[in-house]
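In: need coordinates for the below:
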Amino acid sequence: MKTLCKDLTEEYDALDDMVSILDHDEWMKPTPFFGWTLKEEISHLAYFDRAARISISSKDLFEAHMNEMLKHASTYDEIFDYANSEGMAMDDQDLLAWWRRERHDLIIAYVALEPSQKLSWYGPPMSARSSATARLMETWAHGQDIADALSIKRKGTPRLKHIVHLGFSTFAWSFINRNLPVPEKNAALILEGPTGEIWTYGETESENTVRGSAFDFCLVVTQRRHVNDTALIVEGDAATNWMNIAQAFAGPPEDPPSPGLRVIR
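Out: I've put the predicted structure just below:
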């Protein structure tokens, strides 16, 4: 867990560097993610970082946390509005301080766990490793929303490998979540990492492959870009269908942005 937690810390810090210098008007700037403001994006991360920490501390406490949330919200939109409301009621700098405290305490809690230890979550329990990877993925994805709003072109880092692994492992989930038949075999990945290394997953001789940069793949599986707005080369029906519905995160089916909608010119 120590290596994963180091990478998660670095992902938090990279996003912190982007937002810590902003003034109030910039905090309230809308992002391409359903019009959420930058402040809502950080409020969301802080709330669910705390939820992850609660899930480590006690199954009963997490159940109480979830029940309290469901008293105020039933649909996913209502849940997200409720989760964001706590941070949105804070001063910008108070929100930043809250997020820093939550993620600091979460990292400490993660480091003490065995990777396979099961933790409660809103759906099925997940391993500590999966929980930490999900937090890294979500931090990176919402960081992309903020980067897009600020017209910042981010560079890839080796931390993307965690998101690539998560994206590959949620191949079947992307179909199941939409009540679609799952292809017999997972599509293969042949991706170039940020320093030129090649990351491969699956049977690379498969007729269904996704080739290109790991950064582009992560943009697609987190639904921050439509596959047509990347340089990915997708071969085979199963791979093509996957890249049009890929969803590396939990929750009901979400559609990727339309082609051209989230392209920084």
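
In: drop to CA atoms for contacts and neighbour counts, all remaining ones
Out: Fine.

In: any idea which helix or strand comes after the host helix or strand of residue 145?
Out: Assigned by DSSP states H and E, residue 145 belongs to helix 128-149. As assigned by DSSP H and E, the chain's next helix or strand after helix 128-149 is helix 160-169.

In: quick one: contacts of that following helix?
Out: For helix 160-169, contacts defined as Cα atoms under 8 Å, 6 or more residues apart in numbering pick out 133-134, 136-137, 189, 193, 201, 214-215, 217-218, 221, 246-248.

In: low-confidence stretches in the chain?
Out: Where the chain drops to pLDDT under 70, the residues are 264-265.

In: in which helix or strand would I find residue 79?
Out: helix 76-88.

In: for burial, what's the neighbour tally of residue 154?
Out: 11 (other Cα atoms under 10 Å).

In: surely it and residue 147 touch.
Out: Yes: look at residue 154 against residue 147 with Cα atoms under 8 Å: they come within range, at 7.2 Å.

In: next one: phi and psi at residue 182?
Out: The phi and psi values for residue 182, taken as degrees, to the nearest 10, are phi -80, psi 130.

In: so who does it touch?
Out: Counted by Cα under 8 Å, 6+ apart, residue 182 has contacts 172, 175, 176.

In: swap in 10 Å and give it another go.
Out: 171, 172, 173, 174, 175, 176, 238, 242 (Cα atoms under 10 Å, 6 or more residues apart in numbering).

In: for residue 124, same thing?
Out: residue 118.

In: name the SS class of it, please.
Out: Of the three states, residue 124 takes coil under DSSP: H, G, I helix; E, B strand; the rest coil.

In: ok, now how distant is it from residue 83?
Out: Distance of residue 124 to residue 83, computed by Cα to Cα, to the nearest Å: 20 Å.

In: now swap in residue 177 and tell me
Out: Residue 177 is 23 Å from residue 83, by Cα to Cα.

In: again with residue 14
Out: On the measure of Cα to Cα, residue 14 and residue 83 end up 23 Å apart.

In: and what of residue 35?
Out: Residue 35 is 16 Å from residue 83, by Cα to Cα.

In: residue 263 now?
Out: Residue 263 is 28 Å from residue 83, by Cα to Cα.

In: looking at these two, which one has more neighbours?
Out: Counted by other Cα under 10 Å, residue 263 and residue 83 do not tie: residue 83 has more neighbours, with 21 against 13.

In: quick one, what contacts the more buried one?
Out: Residue 83 neighbours (Cα under 10 Å, 6+ apart): 40, 43, 44, 45, 46, 47, 48, 69, 72, 73, 77.

In: does the third one touch residue 81 like I think?
Out: Yes: the pair formed by residue 44 and residue 81 meets the contact definition of Cα atoms under 10 Å, at 9.0 Å.

In: weed out the non-buried ones from the contacts of residue 83.
Out: Using 16 or more other Cα atoms under 10 Å as the burial test, these include 40, 43, 44, 45, 46, 47, 48, 73 as buried.
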